[in-house]
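Visitor: got a sequence here, can you model it:
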Amino acid sequence: MGIQPILSIFLYITATLLMAASLFNTINKTKGKDIFIFFIGIIALALHAQILHQSIFLDVGFDFSFFNVISIIGWLVALIVLVISIYQPIQQLLIILYPIAAITVLLEQFFPTQKIIEQSLSIGLRTHILLSISAYSLLMIGTFQAIILSVQDRFLKTKQASKIIDILPPLQTMEQLLIQIILVGFFLLSLSLTTGIVFVYDIFEQHLAHKTILSILAWIIYAILLWGRWSFGWRGKQIINWVLGGFLALLLAYIGSKFALEFIFDRI
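Guide: As a prediction, this is how the structure comes out:
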(Lines give C-alpha, C1' and ligand atoms only; values in the text may rest on other atoms or scores of the structure.)
Protein backbone atom coordinates (compact mmCIF):
# COMPACT_ATOMS: atom_id res chain seq x y z
CA MET A 1 0.00 0.00 0.00
CA GLY A 2 1.39 3.39 -1.05
CA ILE A 3 1.84 6.56 0.99
CA GLN A 4 -1.36 8.22 -0.30
CA PRO A 5 -3.78 5.57 1.02
CA ILE A 6 -1.95 5.45 4.37
CA LEU A 7 -2.05 9.24 4.71
CA SER A 8 -5.71 9.42 3.66
CA ILE A 9 -6.74 6.78 6.21
CA PHE A 10 -4.65 8.49 8.93
CA LEU A 11 -6.28 11.87 8.25
CA TYR A 12 -9.80 10.38 8.19
CA ILE A 13 -9.22 8.77 11.60
CA THR A 14 -7.56 11.92 12.98
CA ALA A 15 -10.50 14.09 11.89
CA THR A 16 -12.93 11.57 13.44
CA LEU A 17 -11.16 11.53 16.80
CA LEU A 18 -10.81 15.33 16.94
CA MET A 19 -14.46 15.81 15.99
CA ALA A 20 -15.64 13.32 18.60
CA ALA A 21 -13.45 14.95 21.25
CA SER A 22 -14.81 18.37 20.30
CA LEU A 23 -18.45 17.29 20.37
CA PHE A 24 -18.11 15.62 23.75
CA ASN A 25 -16.03 18.49 25.17
CA THR A 26 -12.97 16.41 26.00
CA ILE A 27 -10.61 18.92 24.38
CA ASN A 28 -10.23 22.61 25.11
CA LYS A 29 -12.28 25.07 23.09
CA THR A 30 -9.75 26.93 20.95
CA LYS A 31 -10.33 29.46 18.20
CA GLY A 32 -10.19 27.93 14.75
CA LYS A 33 -10.39 24.33 16.00
CA ASP A 34 -13.46 23.50 13.90
CA ILE A 35 -11.85 25.01 10.80
CA PHE A 36 -8.72 22.94 11.43
CA ILE A 37 -10.80 19.74 11.67
CA PHE A 38 -12.70 20.76 8.54
CA PHE A 39 -9.49 21.13 6.52
CA ILE A 40 -8.13 17.80 7.77
CA GLY A 41 -11.26 16.24 6.28
CA ILE A 42 -10.78 18.18 3.03
CA ILE A 43 -7.19 16.92 2.67
CA ALA A 44 -8.26 13.33 3.43
CA LEU A 45 -10.99 13.57 0.77
CA ALA A 46 -8.59 15.12 -1.75
CA LEU A 47 -6.12 12.26 -1.28
CA HIS A 48 -8.97 9.76 -1.53
CA ALA A 49 -10.10 11.39 -4.79
CA GLN A 50 -6.58 11.09 -6.22
CA ILE A 51 -6.46 7.41 -5.25
CA LEU A 52 -9.81 6.84 -6.97
CA HIS A 53 -8.62 8.64 -10.10
CA GLN A 54 -5.55 6.39 -10.32
CA SER A 55 -7.62 3.24 -9.68
CA ILE A 56 -10.51 3.96 -12.03
CA PHE A 57 -9.13 5.88 -15.02
CA LEU A 58 -6.91 3.37 -16.79
CA ASP A 59 -5.44 3.39 -20.31
CA VAL A 60 -7.72 0.53 -21.36
CA GLY A 61 -10.91 2.07 -19.92
CA PHE A 62 -12.68 2.67 -16.62
CA ASP A 63 -12.31 0.20 -13.75
CA PHE A 64 -15.68 0.07 -11.96
CA SER A 65 -14.94 -3.06 -9.94
CA PHE A 66 -16.84 -3.78 -6.74
CA PHE A 67 -14.37 -2.29 -4.25
CA ASN A 68 -13.71 0.74 -6.46
CA VAL A 69 -17.43 1.50 -6.53
CA ILE A 70 -17.64 1.01 -2.76
CA SER A 71 -14.76 3.46 -2.39
CA ILE A 72 -16.46 6.00 -4.69
CA ILE A 73 -19.63 5.84 -2.59
CA GLY A 74 -17.67 6.16 0.67
CA TRP A 75 -15.85 9.20 -0.70
CA LEU A 76 -18.92 10.86 -2.21
CA VAL A 77 -21.08 10.39 0.89
CA ALA A 78 -18.42 11.95 3.15
CA LEU A 79 -17.88 14.81 0.68
CA ILE A 80 -21.59 15.62 0.39
CA VAL A 81 -22.07 15.64 4.17
CA LEU A 82 -18.97 17.79 4.68
CA VAL A 83 -20.27 20.36 2.17
CA ILE A 84 -23.82 20.33 3.59
CA SER A 85 -22.44 20.69 7.14
CA ILE A 86 -21.25 24.20 6.21
CA TYR A 87 -24.86 25.44 6.33
CA GLN A 88 -26.79 22.55 7.96
CA PRO A 89 -26.13 20.95 11.40
CA ILE A 90 -25.21 17.43 10.24
CA GLN A 91 -21.47 17.37 10.94
CA GLN A 92 -22.13 14.67 13.57
CA LEU A 93 -22.65 12.22 10.71
CA LEU A 94 -18.98 12.57 9.77
CA ILE A 95 -18.00 10.72 12.96
CA ILE A 96 -19.56 7.68 11.27
CA LEU A 97 -18.77 8.49 7.63
CA TYR A 98 -15.05 9.30 7.91
CA PRO A 99 -14.18 5.85 9.32
CA ILE A 100 -16.37 4.24 6.64
CA ALA A 101 -14.48 6.18 3.94
CA ALA A 102 -11.19 5.07 5.50
CA ILE A 103 -12.34 1.43 5.42
CA THR A 104 -13.28 1.72 1.73
CA VAL A 105 -9.77 3.00 0.94
CA LEU A 106 -8.32 0.03 2.83
CA LEU A 107 -10.56 -2.50 1.06
CA GLU A 108 -9.74 -1.02 -2.35
CA GLN A 109 -6.01 -1.42 -1.64
CA PHE A 110 -6.15 -4.96 -0.27
CA PHE A 111 -8.65 -6.39 -2.78
CA PRO A 112 -7.56 -5.01 -6.18
CA THR A 113 -10.05 -6.56 -8.61
CA GLN A 114 -10.82 -5.23 -12.10
CA LYS A 115 -14.06 -4.72 -14.01
CA ILE A 116 -13.05 -2.74 -17.09
CA ILE A 117 -15.59 -0.65 -18.97
CA GLU A 118 -14.46 0.56 -22.38
CA GLN A 119 -13.73 4.26 -22.87
CA SER A 120 -16.23 4.27 -25.75
CA LEU A 121 -19.06 4.09 -23.22
CA SER A 122 -21.92 6.31 -24.41
CA ILE A 123 -22.76 9.62 -22.76
CA GLY A 124 -26.12 8.17 -21.79
CA LEU A 125 -24.59 5.24 -19.90
CA ARG A 126 -22.04 7.51 -18.23
CA THR A 127 -24.88 9.75 -17.10
CA HIS A 128 -26.79 6.73 -15.80
CA ILE A 129 -23.78 5.53 -13.77
CA LEU A 130 -23.19 9.01 -12.32
CA LEU A 131 -26.86 9.46 -11.39
CA SER A 132 -27.02 5.98 -9.82
CA ILE A 133 -23.98 6.54 -7.61
CA SER A 134 -25.17 10.04 -6.63
CA ALA A 135 -28.69 8.81 -5.77
CA TYR A 136 -27.33 5.89 -3.75
CA SER A 137 -24.94 8.18 -1.86
CA LEU A 138 -27.61 10.73 -0.94
CA LEU A 139 -30.09 8.09 0.15
CA MET A 140 -27.36 6.47 2.24
CA ILE A 141 -26.85 9.82 3.98
CA GLY A 142 -30.61 9.92 4.57
CA THR A 143 -30.42 6.46 6.12
CA PHE A 144 -27.70 7.49 8.57
CA GLN A 145 -29.75 10.60 9.37
CA ALA A 146 -32.79 8.38 10.03
CA ILE A 147 -30.79 6.14 12.38
CA ILE A 148 -29.57 9.14 14.37
CA LEU A 149 -33.12 10.52 14.42
CA SER A 150 -34.34 7.18 15.80
CA VAL A 151 -31.75 7.24 18.59
CA GLN A 152 -32.59 10.85 19.42
CA ASP A 153 -36.33 10.11 19.46
CA ARG A 154 -35.83 7.11 21.76
CA PHE A 155 -33.80 9.14 24.26
CA LEU A 156 -36.41 11.90 24.30
CA LYS A 157 -39.35 9.52 24.75
CA THR A 158 -37.67 7.66 27.61
CA LYS A 159 -36.51 11.01 29.09
CA GLN A 160 -32.99 9.71 29.42
CA ALA A 161 -30.32 12.35 29.92
CA SER A 162 -27.63 11.89 27.31
CA LYS A 163 -24.83 13.89 25.77
CA ILE A 164 -26.23 12.86 22.38
CA ILE A 165 -29.33 14.99 23.00
CA ASP A 166 -27.20 18.02 23.83
CA ILE A 167 -25.04 17.89 20.70
CA LEU A 168 -27.83 17.16 18.20
CA PRO A 169 -30.12 19.79 16.68
CA PRO A 170 -33.83 19.80 17.68
CA LEU A 171 -35.85 16.77 16.59
CA GLN A 172 -37.99 18.81 14.18
CA THR A 173 -34.89 20.23 12.47
CA MET A 174 -33.40 16.75 12.08
CA GLU A 175 -36.66 15.45 10.62
CA GLN A 176 -37.01 18.31 8.12
CA LEU A 177 -33.41 17.82 7.00
CA LEU A 178 -34.04 14.09 6.55
CA ILE A 179 -37.02 14.77 4.27
CA GLN A 180 -34.99 17.26 2.23
CA ILE A 181 -32.19 14.73 1.72
CA ILE A 182 -34.64 11.95 0.79
CA LEU A 183 -36.44 14.27 -1.64
CA VAL A 184 -33.24 15.11 -3.54
CA GLY A 185 -32.13 11.46 -3.46
CA PHE A 186 -35.54 10.36 -4.75
CA PHE A 187 -35.29 12.84 -7.63
CA LEU A 188 -31.84 11.51 -8.60
CA LEU A 189 -33.09 7.92 -8.28
CA SER A 190 -35.96 8.77 -10.63
CA LEU A 191 -33.50 10.16 -13.18
CA SER A 192 -31.28 7.11 -12.72
CA LEU A 193 -34.14 4.71 -13.44
CA THR A 194 -35.23 6.75 -16.45
CA THR A 195 -31.75 6.82 -18.01
CA GLY A 196 -31.32 3.12 -17.20
CA ILE A 197 -34.49 2.22 -19.10
CA VAL A 198 -33.47 4.39 -22.06
CA PHE A 199 -29.75 3.58 -22.35
CA VAL A 200 -29.17 0.11 -20.82
CA TYR A 201 -29.87 -2.60 -23.37
CA ASP A 202 -30.38 -6.37 -22.90
CA ILE A 203 -31.13 -6.06 -19.20
CA PHE A 204 -31.96 -9.74 -18.79
CA GLU A 205 -28.87 -10.93 -20.66
CA GLN A 206 -26.68 -8.77 -18.41
CA HIS A 207 -28.17 -10.29 -15.22
CA LEU A 208 -29.62 -6.86 -14.40
CA ALA A 209 -33.29 -7.81 -14.09
CA HIS A 210 -33.14 -8.25 -10.29
CA LYS A 211 -31.29 -4.94 -9.95
CA THR A 212 -33.98 -3.16 -11.96
CA ILE A 213 -36.83 -4.74 -9.99
CA LEU A 214 -35.24 -3.93 -6.60
CA SER A 215 -34.47 -0.35 -7.72
CA ILE A 216 -38.09 0.14 -8.77
CA LEU A 217 -39.21 -1.33 -5.42
CA ALA A 218 -36.96 1.18 -3.60
CA TRP A 219 -38.41 4.00 -5.73
CA ILE A 220 -41.96 2.94 -4.78
CA ILE A 221 -41.05 2.82 -1.07
CA TYR A 222 -39.53 6.31 -1.14
CA ALA A 223 -42.52 7.59 -3.14
CA ILE A 224 -44.93 6.23 -0.50
CA LEU A 225 -42.80 7.83 2.22
CA LEU A 226 -42.95 11.28 0.61
CA TRP A 227 -46.66 10.90 -0.17
CA GLY A 228 -47.38 9.91 3.43
CA ARG A 229 -45.37 12.84 4.73
CA TRP A 230 -47.15 15.42 2.58
CA SER A 231 -50.65 13.88 2.65
CA PHE A 232 -50.89 12.58 6.21
CA GLY A 233 -48.05 14.36 8.00
CA TRP A 234 -46.13 11.19 8.83
CA ARG A 235 -43.44 11.78 11.44
CA GLY A 236 -40.96 9.98 13.63
CA LYS A 237 -40.99 6.21 13.54
CA GLN A 238 -43.20 6.00 10.43
CA ILE A 239 -40.69 7.99 8.39
CA ILE A 240 -37.69 6.13 9.82
CA ASN A 241 -39.12 2.69 9.00
CA TRP A 242 -39.89 3.64 5.39
CA VAL A 243 -36.43 5.17 4.94
CA LEU A 244 -34.76 2.01 6.23
CA GLY A 245 -36.98 -0.19 4.06
CA GLY A 246 -36.23 1.83 0.93
CA PHE A 247 -32.51 1.79 1.54
CA LEU A 248 -32.51 -1.97 2.18
CA ALA A 249 -34.05 -2.52 -1.26
CA LEU A 250 -31.54 -0.11 -2.77
CA LEU A 251 -28.65 -1.81 -0.98
CA LEU A 252 -29.65 -5.17 -2.45
CA ALA A 253 -30.15 -3.59 -5.87
CA TYR A 254 -26.81 -1.82 -6.17
CA ILE A 255 -24.27 -3.41 -3.85
CA GLY A 256 -25.87 -6.86 -3.72
CA SER A 257 -26.26 -7.05 -7.49
CA LYS A 258 -22.73 -5.85 -8.18
CA PHE A 259 -21.30 -8.32 -5.68
CA ALA A 260 -23.30 -11.14 -7.26
CA LEU A 261 -22.21 -10.18 -10.78
CA GLU A 262 -18.50 -10.01 -9.97
CA PHE A 263 -18.07 -12.75 -7.40
CA ILE A 264 -20.80 -15.27 -8.32
CA PHE A 265 -22.01 -15.00 -11.94
CA ASP A 266 -18.55 -14.23 -13.37
CA ARG A 267 -17.17 -17.38 -11.74
CA ILE A 268 -19.89 -19.77 -12.85
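Visitor: how far away is the nearest residue to Leu139 once chain neighbours are set aside from Ser8?
Guide: Distance criterion C-beta to C-beta, 6 or more residues apart in numbering; nearest residue to Leu139, sequence neighbours excluded, is Gly185 at 4.0 Å. Heads up, the C-betas are built off the backbone N, CA and C, glycines and all. Look at Gly185 and Ser8: by C-beta to C-beta, to the nearest Å, they are 26 Å apart.
Visitor: Ile147 now?
Guide: In terms of C-beta to C-beta, Ile147 sits 25 Å off from Ser8.
Visitor: ok, now Thr14?
Guide: 11 Å.
Visitor: between those two, which one's more packed in?
Guide: Comparing Thr14 with Ser8 by other C-beta atoms under 10 Å, the one with more neighbours is Ser8, at 24 against 16.
Visitor: what's the burial count for the closest residue to that one other than its chain neighbours?
Guide: Closest residue in space to Ser8, ignoring its immediate chain neighbours: Leu47 at 3.9 Å, by C-beta to C-beta, 6+ apart. Residues near Leu47, counting by other C-beta under 10 Å, number 21.
Visitor: would you mind confirming that Leu47 makes contact with Ile9?
Guide: No - here Leu47 does not reach Ile9: they are 9.1 Å apart, not a contact under C-beta atoms under 8 Å.
Visitor: so which helix or strand takes in Ala20?
Guide: helix 3-23 (DSSP states H and E).
Visitor: show me what that helix is packed up against.
Guide: helix 33-56, helix 94-110 (3 or more C-beta pairs under 8 Å, 6 or more residues apart in numbering; DSSP states H and E).
Visitor: off-centre distance for stretch 41-48?
Guide: 16 Å (C-alpha atoms, centre = their mean, to the nearest Å).
Visitor: contact partners of it?
Guide: With C-beta atoms under 8 Å, 6 or more residues apart in numbering as the test, stretch 41-48 has contacts from 4-5, 7-8, 11-12, 15, 71, 74-75, 78-79, 82, 94, 98, 101-102, 105.
Visitor: list only buried entries from those.
Guide: 5, 8, 11-12, 15, 71, 74-75, 78-79, 82, 94, 98, 101-102, 105 (16 or more other C-beta atoms under 10 Å).
Visitor: about what we covered before: now do the contacts for the residue nearest to Leu139.
Guide: By C-beta under 8 Å, 6+ apart, the neighbours of Gly185 are Ala135, Leu138, Leu139, Ile141, Gly142, Tyr222.
Visitor: for Lys237, see how far away the last one is.
Guide: Remark: distance between Tyr222 and Lys237 (C-beta to C-beta) = 17 Å.
Visitor: next one: the second one
Guide: Look at Leu138 and Lys237: by C-beta to C-beta, they are 22 Å apart.
Visitor: go on, the fourth one?
Guide: Computed with C-beta to C-beta, the distance linking Ile141 and Lys237 is 20 Å.
Visitor: so how many other residues sit close to Gln172?
Guide: 9.
Visitor: could you confirm it falls within a helix?
Guide: Yes - according to DSSP: H, G, I helix; E, B strand; the rest coil, Gln172 belongs to a helix.
Visitor: ok, Leu178 touching Gly142?
Guide: Yes - taking C-beta under 8 Å as the definition, Leu178 is a contact partner of Gly142 at 6.0 Å.
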